[in-house]
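Colleague: Compute the structure for the input listed below.
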Amino acid sequence: MRRTSLPIGLALLWLLLSQCHATRWNQLGNEELAPAPQEIQALFAAHPNNTLTYTAQSPGYGYAYDIGEKDTHYGIDSSAMRFTTVQMQLHDAMPEGKVVVDFTFVDGHGSTVEVKAVDLLRLIPKLDAPGDMVYPELLLEEYNRFGVSFRREHNEFSFKPANDLPKQLNDRTYRCQIVNNCLAATKWEFALTSEDYGDYSQRRKHTTNLNQNKILSHSWFYVDKALYSALMQMKNPDKTIHMDFNYDSLSNMSEQVHIDFSQLRNPIKKQAATALLEVGHQSGRKLEPVDIEEHYKWQFGIFLDRDTSLTYKTVLEQPIRTSQFKDEGYYKNDTPREFDWSWMQYMDSVQMDIIDVPGTDAYVQLSLTGKWSPYNITIGNVDLAQINEQKLWGLLFGINTYPKSRRYNPIQSTIFYDAELLPDNIKPYVLLTDKKTGKWVNNQYKGIEKVYLTYETLEQDELSIYLLSYERITPMWMARVKLSRELREKIRIRRQLYNY
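Modeller: You can find the predicted model right below:
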């Protein structure tokens, strides 16, 4: 095992006890306060009022491919509801191990969104891999979209629309997000969400009704590299991390790294007795979105070659074009991304190995491969007792990767608890490797980005596995695995531990 950590029983007990009071990360408690770290103080002190100011880019209503359905007040003119000024003011004192600031976002009319007591380290990736494996982990963390969401009903942010804007905007604001963007190092984004039931009766008459949440505003901005580097080093004090890289150079370096899975988990105990019930491209299953994100990306036209007759077989037989997510943060169709997933036709085997975690056989490692497959996809430290029936558990490629979006107060007793609270020896991972050399392969170049696991029946004895494409636009590979009765019963017994 790569690092000393809490015994699994104690870690589980701590997680269970913590469910009684959901953590509210941007409301300081009775923690002892101290001045900000000296390096951080110096960076902010060079600016008036210890405040850093950034210019953000915010698109108008005509932008076709946002992260969700747009509110009618989204970018209603050239400056209203376009929050293009971002301010970060450093607190005088903060709990040790945090860098606490107040965010203020300002639009061209003077509307403001204030999010107080934000720990900037929550927006910085935590790197868990030892040795050279830190390079692919850094790429998969830094170039994935992860962030935090603030809730209006708990007063975690405030919104004051300008005097010349409709006053009801204040009542309809619902969520605010600050997110580490996936396109470039140091690029962050801000989004404001409304909750609008005004057109509910009309929407009921249509076949498409995504939900009543709508994007009210969306902005992108860059954090200066000096601050980002300091935060990265604080978050990862045992590692030397240089931010002077671009995506391609970091990818080339990472693809020389051999992945040693024994350093990411406890030893393998035994192979589980399972039966492969279905592989999607062999059964000819129809290709359909599996969650709302794929549905709206199909509807927005981001899946350019979408055909209602597509199956898991035919999608692997021809290159597929998708809208490209460009540097400025927008999807563009003029230079589409084309992916060839034909290599997945040879991925027709699922092996499940039980990891030696004291007290349970529920932690497993899944290996997706095939006799003629050039690659292996390995999904490890999966707690089968945490997966629910008919609910999708999503994992991005990487090591203990953050969810694509995360509530600020994750539910501690479920699989959605904060990734940073997991003990080292049970942090999940999803990695693509070369079958011959064992070296890391850039899954993003291969057009795959995420894994979904679920039990599709109430019996919870059939594990379904979905692989999602670039930008989570569509599923393109799936399989179903039958668990043995013995393993199923062990999982059911363990599930009860999460209910008390």
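Colleague: How many residues are close by residue 465?
Modeller: Neighbours of residue 465 under the rule other Cβ atoms under 10 Å: 20. In this view, the C-beta of every residue, glycine as well, is placed from N, C-alpha and C.
Colleague: Can you classify it as helix, strand or coil?
Modeller: Assigned state for residue 465: strand (three-state reduction, DSSP: H, G, I helix; E, B strand; the rest coil).
Colleague: The stretch 101-250 of the chain: strands as residue ranges?
Modeller: Assigned by DSSP state E, counting those that start in this stretch, the stretch 101-250 of the chain shows strands spanning 112-119, 146-151, 158-160, 173-180, 187-195, 213-222.
Colleague: Of these, which shows the lowest average pLDDT?
Modeller: Of all these, the segment with the smallest mean pLDDT is strand 146-151, scoring a mean of 86.
Colleague: Give me the buried positions along that one.
Modeller: 146-150 (16 or more other Cβ atoms under 10 Å).
Colleague: Now distance to residue 471 too, for the strands of the stretch 101-250 of the chain, in CSV please.
Modeller: Conversion of those to CSV gives the following (distance: least, Cβ to Cβ, whole Å):
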stretch, distance to residue 471
strand 112-119, 27
strand 146-151, 15
strand 158-160, 29
strand 173-180, 15
strand 187-195, 15
strand 213-222, 16
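Colleague: circling back: now, which of the buried residues of strand 146-151 sits nearest residue 249?
Modeller: Nearest to residue 249 among these is residue 146, at 22.2 Å by Cβ to Cβ.
Colleague: Isn't the closest one up against residue 401?
Modeller: Yes - with contact taken as Cβ atoms under 8 Å, residue 146 and residue 401 are classed as touching, separated by 7.4 Å.
Colleague: Ok, which of the strands of the stretch 101-250 of the chain comes nearest residue 266?
Modeller: strand 146-151 (26.1 Å).
Colleague: on that earlier part again, minimum distance to residue 432: which of the strands of the stretch 101-250 of the chain has it?
Modeller: Across those, residue 432 has its closest neighbour in strand 146-151 (19.4 Å, Cβ to Cβ).
Colleague: The closest one packs against which elements?
Modeller: In terms of contacts (3 or more Cβ pairs under 8 Å, 6 or more residues apart in numbering; DSSP states H and E), strand 146-151 is packed against strand 173-180.
Colleague: Stretch 389-404: how far from the chain's middle?
Modeller: A distance of 7 Å separates the C-alpha centroid of stretch 389-404 from that of its chain, computed with Cα atoms, centre = their mean, to the nearest Å.
Colleague: tell me the mean pLDDT over that stretch?
Modeller: Averaged over stretch 389-404, pLDDT sits at 82.
Colleague: Same question for stretch 309-318.
Modeller: Averaging the model's pLDDT scores along stretch 309-318 yields 91.
Colleague: same check, this time on stretch 253-270
Modeller: The predicted model gives stretch 253-270 an average pLDDT of 96.
Colleague: before we move on, what about stretch 55-73?
Modeller: Confidence over stretch 55-73, taken as the mean pLDDT, stands at 79.
Colleague: circling back: so which of the strands of the stretch 101-250 of the chain gets nearest residue 450?
Modeller: Between residue 450 and these, the shortest separation by Cβ to Cβ is 12.4 Å, and it involves strand 146-151.
Colleague: where does the stretch 1-150 of the chain have low pLDDT?
Modeller: For the stretch 1-150 of the chain, the stretches flagged by pLDDT under 70 are 1-29, 64-68.
Colleague: which SSE is residue 269 in?
Modeller: strand 268-271 (DSSP states H and E).
Colleague: can you dump the C-alpha coordinates of that strand into PDB?
Modeller: Coordinates of the C-alpha atoms in strand 268-271 are reproduced here as PDB (Å, rounded to 0.1, in the frame of the first residue of the first chain):
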ATOM      1  CA  ILE A 268      -5.700  -8.100  -5.300                       C
ATOM      2  CA  LYS A 269      -7.300 -10.800  -3.200                       C
ATOM      3  CA  LYS A 270      -8.900 -13.000  -5.800                       C
ATOM      4  CA  GLN A 271     -10.800 -12.800  -9.100                       C
END
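Colleague: End to end on stretch 428-448, go ahead and measure it.
Modeller: Across stretch 428-448, the terminal residues are separated by 18 Å (Cα to Cα, to the nearest Å).
Colleague: mind listing what's buried in that stretch?
Modeller: 428-433, 440-444, 446-448.
Colleague: ok, residue 199 to residue 131 distance?
Modeller: Taking Cβ to Cβ, to the nearest Å as the measure, residue 199 falls 55 Å from residue 131.
Colleague: Correction: the previous question concerned residue 35.
Modeller: Using Cβ to Cβ, we find residue 35 at a distance of 35 Å from residue 131.
Colleague: now residue 318
Modeller: Using Cβ to Cβ, we find residue 318 at a distance of 40 Å from residue 131.
Colleague: follow-up on the earlier one: export the buried residues of stretch 428-448 to a markdown table and tack on pLDDT and secondary structure?
Modeller: Below are the buried residues of stretch 428-448 laid out as a markdown table (pLDDT from 0 to 100; DSSP: H, G, I helix; E, B strand; the rest coil):
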| residue | pLDDT | secondary structure |
| --- | --- | --- |
| 428 | 92 | coil |
| 429 | 94 | strand |
| 430 | 96 | strand |
| 431 | 97 | strand |
| 432 | 98 | strand |
| 433 | 98 | strand |
| 440 | 98 | strand |
| 441 | 98 | coil |
| 442 | 96 | coil |
| 443 | 95 | coil |
| 444 | 90 | coil |
| 446 | 93 | coil |
| 447 | 90 | coil |
| 448 | 93 | strand |
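Colleague: Dump the residues you listed into a markdown table; add distance to residue 253 as well.
Modeller: Rendered in a markdown table, the data for these read as follows (distance: Cβ to Cβ, whole Å):
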| residue | distance to residue 253 |
| --- | --- |
| 428 | 24 |
| 429 | 19 |
| 430 | 20 |
| 431 | 16 |
| 432 | 16 |
| 433 | 16 |
| 440 | 10 |
| 441 | 13 |
| 442 | 11 |
| 443 | 16 |
| 444 | 15 |
| 446 | 18 |
| 447 | 21 |
| 448 | 21 |
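Colleague: Out of the residues you listed, which comes closest to residue 322?
Modeller: Comparing every one of the buried residues of stretch 428-448 with residue 322 (Cβ to Cβ), the shortest separation belongs to residue 447, at 8.3 Å.
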